[in-house]
Each structure stands twice: as C-alpha cells, then as structure tokens.
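Trainee: Give the three-dimensional model of this entry:
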Amino acid sequence: MKRFAIATLCCLALTATLAFAQGGDGFQTATVNSIEKLANDARHPSDLDHYKISMRMGDVLYMCKAAAPAATFMDWISGKEFLAKENGKILQVKKPDGKVVELEITGKKKPK
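Mentor: Residues are numbered from 1 along each chain as shown. Predicted structure coming up:
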C-alpha cells in the first residue's frame with residue numbers, strides 16, 4: 001500500500017510538471033474574428049501583401065495589421081483558432097507548423 005501511494009504521488013507530480021511546462025510559454029487560444037486583404041499601393045509596390053486582422057483572445061478583441069507573403073495567411077479564416085500572446089504592441093501568433101507570425105496591434109476592445 002505504501003509503494004502504491006508513492007507511485008501515485010510520483011505520477012501526479014510528473015503530470016503536473018508536464019502540464020506546467022506546456023502552458024509556461026504564455027500562449028493561449030485566440031480565434032480569428034475577421035481577416036481582410038488590403039489593396040496594394042500602386043505608388044509603392046511591395047513583395048508583401050497587407051492585411052487587416054481582428055482576433056479574439058479571452059474577452060479582448062485585438063485589431064491588428066500585418067504585411068507578409070500571401071502564403072502566410074492562406075489558411076486563416078474566421079473562426080480558426082491559433083495559439084497567441086500579447087507582447088507589447090505586437091500579437092505573436094503561433095501557426096500549426098510552429099512558426100510565429102507577428103501582428104501589429106492597432107487597437108483593443110473589451111466588452112462593457
């Protein structure tokens with residue numbers, strides 16, 4: 001009985017350690033609310049496309065803008081979830097392949 005209790009405590013400690021390690025990077029679930037590709041400026045051509053993106057993380061709606069190749073946002077649709085974290089005026093979004101996309105935060109809205 002004593003060995004069983006020790007084994008159970010070890011398993012619980014290991015589980016808690018793994019759970020803490022996975023959630024320790026500060027990323028949490030964020031949902032794409034809307035994404036809009038903006039028209040390119042003919043006077044200043046660029047290899048990058050410009051996007052206006054809003055994402056909901058917790059009870060905050062983040063309005064963001066980004067400039068990146070079209071392939072970066074190819075699979076981004078309303079309702080899709082990603083891991084994200086706020087870092088100052090940047091919203092860092094982790095894609096399924098592990099790459100992090102940085103979105104510039106232009107505004108935030110919290111419900112009243």
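Trainee: And the strands in this protein?
Mentor: Per DSSP state E, the chain carries strands over the ranges 28-38, 49-57, 60-68, 81-87, 90-94, 100-109.
Trainee: how near is the spatially most central residue of the chain to residue 99?
Mentor: Centroid check for the chain by CA atoms, centre = their mean gives residue 84 as the closest residue, at 2.2 Å. Here the criterion is CB to CB, to the nearest Å. By it, residue 84 lies 13 Å from residue 99. For the C-beta atoms, the positions are set from N, CA and C on the backbone; glycine is no exception.
Trainee: Kindly report the same for residue 38.
Mentor: Taking CB to CB, one finds residue 38 at 22 Å from residue 99.
Trainee: So for these two, which sits in the more crowded spot?
Mentor: residue 38 (12 against 9; other CB atoms under 10 Å).
Trainee: in the sheet, who's paired with that one?
Mentor: Assessed by DSSP bridges, residue 38 has beta-bridge partners residue 50.
Trainee: How about residue 86?
Mentor: Bridge pairing for residue 86 - DSSP bridges - gives residue 91.
Trainee: Could you report the pLDDT at it?
Mentor: Looking at residue 86, its pLDDT is 95.
Trainee: Same check on residue 16?
Mentor: Model confidence at residue 16, given as pLDDT, is 50.
Trainee: what do you get for the one 5 residues further on?
Mentor: Looking at residue 21, its pLDDT reads 49.
Trainee: Against residue 51, how distant is residue 30?
Mentor: 15 Å.
Trainee: ok, now residue 40?
Mentor: Distance from residue 40 to residue 51, by CB to CB: 11 Å.
Trainee: what do you get for residue 73?
Mentor: Going from residue 73 to residue 51 by CB to CB gives 6 Å.
Trainee: okay, and the common contacts of these two?
Mentor: 35, 37, 66 (CB atoms under 8 Å, 6 or more residues apart in numbering).
Trainee: Buried only: go through those for me.
Mentor: Using 16 or more other CB atoms under 10 Å as the burial test, those include 35, 66 as buried.
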